[in-house]
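Visitor: Everything below, folded, please.
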Amino acid sequence: MSDDPSVHVEVLRNAQNIQIREQKNVIIHGNVNQNISTSDQATLIELLQPILDASHTRDREKSPPNSACFPGTRIAVIHKIAAWVDSTLLRNTHVLWLYGFVGCGKSAIALAIALKFERRKRLVGSFFFFRNTGDRSKMIKFAATLACQLAAAIPEAAPFIEQAVKAEPGLRASSVVAQLRRLVYEPFKAAARRGRLIKTALLKGPFLMVIDGLDECDDRQEVQGFIDDMLEFFKKNPLVPLRFLITSRIEQHIEGHLKNKQVRLENLINHCSRDDIDTFMCTCFEAEKRRNPVIKAYIQNHGDWPTKKDKDLLVDHIDGSFIFASALFKYIIDPTDDRSTPMDRLPHTLHMNPGLDTLYIKTLSRSQHLPHFFNIISTLALLFEPLPITGIAELLGIECFEVVRVLLNLQAIIHIPGTDDLPVTMCHTSLRDFLTTQSRSGPLFAPSSFHYYLIIRCCDLKTEVRIGSAVIASYIRRHLENHLDAAYTHVLAKSQDLPHFSNIISIITLLSLPIAGIVPVDLLGTEAPDSRAFTSLQSIIDSPGIIEGRPVIIGYTPGLYDFLTSEALSGTFFISPSYHLRISYYCFNLRLERMENHRLRSSVDHQSLKYWHEFVRDHLEPSLHHQESGYRFLKLLKVPSETGQLPYPPDRVLPYHLFSFAQVFVWIFAGAPDQKYPPPQAVHALTQCIESLVLAVECDPAPDRWLRKAFHQLGFSRYSVSKHVYYFKIHEEQAAALQRNVQHIRTKCPSGLLDPRNPNDDSFGFHPTLISDFTLKEAYSLCEWLVARVQLKANFAEPSVTCDLELHITRDDVKNTGCITI
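Guide: Residues are numbered from 1 along each chain as shown. Okay, here's the model as predicted:
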């Protein structure tokens, strides 16, 4: 024990009936700092469920990228980044973004920095993204993984992390921003107030988190959210001793957020030393010359190989790309190529175009003639998570040796594990980009349509009594829906430029019931049916083309509806719920045409009427429960030109205004029953209702032909007026505007057509209570009476006054009567 008199140790003085769990203890300057116990660490892992192979300590052979700085290289840039981490917070930024082109060594440098600061006891977390590796290519477990590493590196943070998880059971399902705040930033900030961390930060420098390959993450919006929130956190907490090193390619969604005065920018192209590439190539060639008997024999007869001239040409040709250097070297010394020697292949590499495409083409062509080559390569390119050789063979229904036979020739660009049960991975994600870009890969292109074949194989394997391996069963369970979504995207992308595509797919999806093929065409009011959109969508919808009476239905899986109605999944193909309003308008328009022309295809009429009833039931009444949705509903109706939801041709202006009037009237008076506190938009709704009727009578010199029609003739179901109590405020100017609109309608309508109620009547009674039995002119009479009663009750004595009013709607179900009072 130390002789330092400041050290005083008392072990459990006067303790009784105690239990000590397994602990790891660190003695720092005479003070005992108790780390979290092994069992507590296991509890935290169970609570957070982190990704265990995402950090710098992962097995890189199984979990790419398998990148490390070659000894003696990248010394200057590593030193520069380390100096930034060590610098005081007062003089430097909290974030450094290291960016560069494909293969310039970003991941290798990130690994070197992580290892360096792990040795210095100042690394608190690392996350290495990699595309198409399941959760490592998403943000879903990003925060949880960093939090687990933080707890292990800084035990003082562990209680705060555990407390946050237990206090908020839904935290792991919340946004990445919320998770990072509660699980990483706040626990670190709280722990940093402790003496040990303050002392470390002051004497040695801030702590570090390393995030590599941020461009490999598929969740672009959440990546942007992570960057913005991280910078906001450091802006509010400038003295928190934590830094982030982030590496990525230059991607628009990253660059636009990281090019910020709070971020230090380092372009790796400025640190790609020719000397580093030269060191790497010289060392590799020397090792191969000692190992390879063919090269040894060549050197005995011809002298040193490669010659200094050829090596210098090769280094110049590589032009600073370490991934290109590594791949070229593997190609030159490839032991599986018995048709040529390394000495033969070296001159060929000098004529390859700079970059990886030529190398990829040259390497892949060596296996292109083999059976199942296309299926194996396409599978590798399109998998959402790497599979072992056994899994690839089972998924494709072929033998393992057939997979191995194809992959053996591709070891310069694909990692082949030593056993069949470890995942096959690509040396670099640029290979996947190459294979999935037709302009680059040509005949080697892995088309998105291949997802269909993988879907069929997955479904076939699911229906078998026994799936051969747990690996493929797990893959199907986790990723079948991903393949379906990719297939949907492929089909929709091919069809999106066809006439009426967006409207047709929206109508078919949202109607969600079998409909006649002519229905979408007639709903859209197109002159001549165009079957191309239906034909192009046949792989995802069951479509016989435009044949009257034949059903067009959603295809073999309901997943298409889930895909198209989720913006996160479908992106540009997302069908907003507000499109229901547009379909509703199309249906209303058809009903009005029938009233005017007394003719309409019976199949269309039936479908539109059915949809109209379902729309009123499913969308109008529930909207009264939610103030925000109710307001949005009014806004969509009021400003069709801005929202793009209800475009109408010039000759159909009247139907739109009638549609708006009828919709808002139903929205006000046929909402959810017994609602105590309806939305506060009563005045806005009443105003819009009357304004819509004003515009309708302006359009038509003979409004009597539709004012006498009942709501049920326009397609509304038989819903009763609902009980409401509206509490609302009305301004003197609002009341005056309502009165002007009422007078305008009366002057435009023929004398005797409208039947006004006496505004001195205390109530407006009606029988029966079915709103569908109201005629439009009765609906107007009710609105006119309401406006008059508002004027009387408010009694605006002076300008710029606001009055509080209550609108009571009651109903006697026994007598089938209703009453409205203000």
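Visitor: what's the model's confidence in the lengthiest helix in the chain, averaged?
Guide: The longest helix of the chain (DSSP state H) is helix 470-495. For helix 470-495, mean pLDDT is 89.
Visitor: Against which helices or strands is whatever helix or strand comes next after that helix packed?
Guide: Using DSSP states H and E, the next helix or strand after helix 470-495 towards the C-terminus is helix 501-511. Applying 3 or more Cβ pairs under 8 Å, 6 or more residues apart in numbering; DSSP states H and E, we find helix 501-511 packed against helix 470-495, helix 518-524, helix 532-536, strand 551-554, helix 559-564, helix 579-597. C-betas here are computed from N, CA, C, even on glycine.
Visitor: Which among these is found nearest to residue 742?
Guide: helix 579-597 (24.1 Å; Cβ to Cβ).
Visitor: How about exporting that closest one as PDB, limited to the C-alpha atoms?
Guide: Extracted in PDB, the C-alpha atoms of helix 579-597 (Å, rounded to 0.1, in the frame of the first residue of the first chain):
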ATOM      1  CA  TYR A 579     -55.800  12.900 -50.900                       C
ATOM      2  CA  HIS A 580     -59.000  11.400 -49.500                       C
ATOM      3  CA  LEU A 581     -60.500  14.800 -49.900                       C
ATOM      4  CA  ARG A 582     -59.600  14.900 -53.500                       C
ATOM      5  CA  ILE A 583     -61.300  11.500 -54.200                       C
ATOM      6  CA  SER A 584     -64.200  12.700 -52.200                       C
ATOM      7  CA  TYR A 585     -64.500  15.700 -54.500                       C
ATOM      8  CA  TYR A 586     -64.300  13.500 -57.600                       C
ATOM      9  CA  CYS A 587     -67.200  11.400 -56.200                       C
ATOM     10  CA  PHE A 588     -69.200  14.500 -55.500                       C
ATOM     11  CA  ASN A 589     -68.600  15.800 -59.000                       C
ATOM     12  CA  LEU A 590     -69.900  12.600 -60.500                       C
ATOM     13  CA  ARG A 591     -73.000  12.700 -58.300                       C
ATOM     14  CA  LEU A 592     -73.600  16.300 -59.500                       C
ATOM     15  CA  GLU A 593     -73.200  15.300 -63.100                       C
ATOM     16  CA  ARG A 594     -75.800  12.600 -62.600                       C
ATOM     17  CA  MET A 595     -78.200  15.200 -61.200                       C
ATOM     18  CA  GLU A 596     -77.600  17.500 -64.200                       C
ATOM     19  CA  ASN A 597     -77.400  15.000 -67.000                       C
END
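Visitor: and the angle from that helix to helix 501-511?
Guide: Relative orientation of helix 579-597 versus helix 501-511 (axes from the mean of the first three to the mean of the last three Cα atoms, to 10 degrees): 90 degrees.
Visitor: May I see the buried residues of helix 579-597?
Guide: Within helix 579-597, the residues scored as buried using 16 or more other Cβ atoms under 10 Å are 579-594.
Visitor: before we move on, what about stretch 768-776?
Guide: Residues of stretch 768-776 classed as buried: 769, 770, 771, 772, 773, 774, 775, 776 (neighbour count, 16+ other Cβ under 10 Å).
Visitor: One more: stretch 757-771?
Guide: Judged by neighbour count (16+ other Cβ under 10 Å), stretch 757-771 contains these buried residues: 757, 764, 766, 769, 770, 771.
Visitor: Show me what the fifth one bridges to in the sheet.
Guide: The reference is to residue 770. Beta-bridge pairing for residue 770 (DSSP bridges): residue 720.
Visitor: Next, work out how far apart the residue of the chain positioned farthest from its centre and residue 308 are.
Guide: Within the chain, the residue lying farthest from the chain centre (Cα atoms, centre = their mean) is residue 301, at 61.5 Å. Distance, residue 301 to residue 308, by Cβ to Cβ, to the nearest Å: 19 Å.
Visitor: Quick check: which helices or strands does whichever strand or helix holds residue 692 pack against?
Guide: Using DSSP H and E, the element containing residue 692 is helix 682-699. Packing contacts for helix 682-699, counted by 3+ Cβ pairs under 8 Å, 6+ apart, involve helix 627-638, helix 653-669, strand 724-731, helix 732-748, helix 776-794.
Visitor: List the strands paired with the next helix or strand after the fourth one, with their directions.
Guide: Put plainly, it is helix 732-748. Where DSSP H and E defines the elements, the next helix or strand beyond helix 732-748 is strand 763-766. Strand 763-766 has these partner strands in its sheet, going by DSSP bridges: strand 817-821 (antiparallel).
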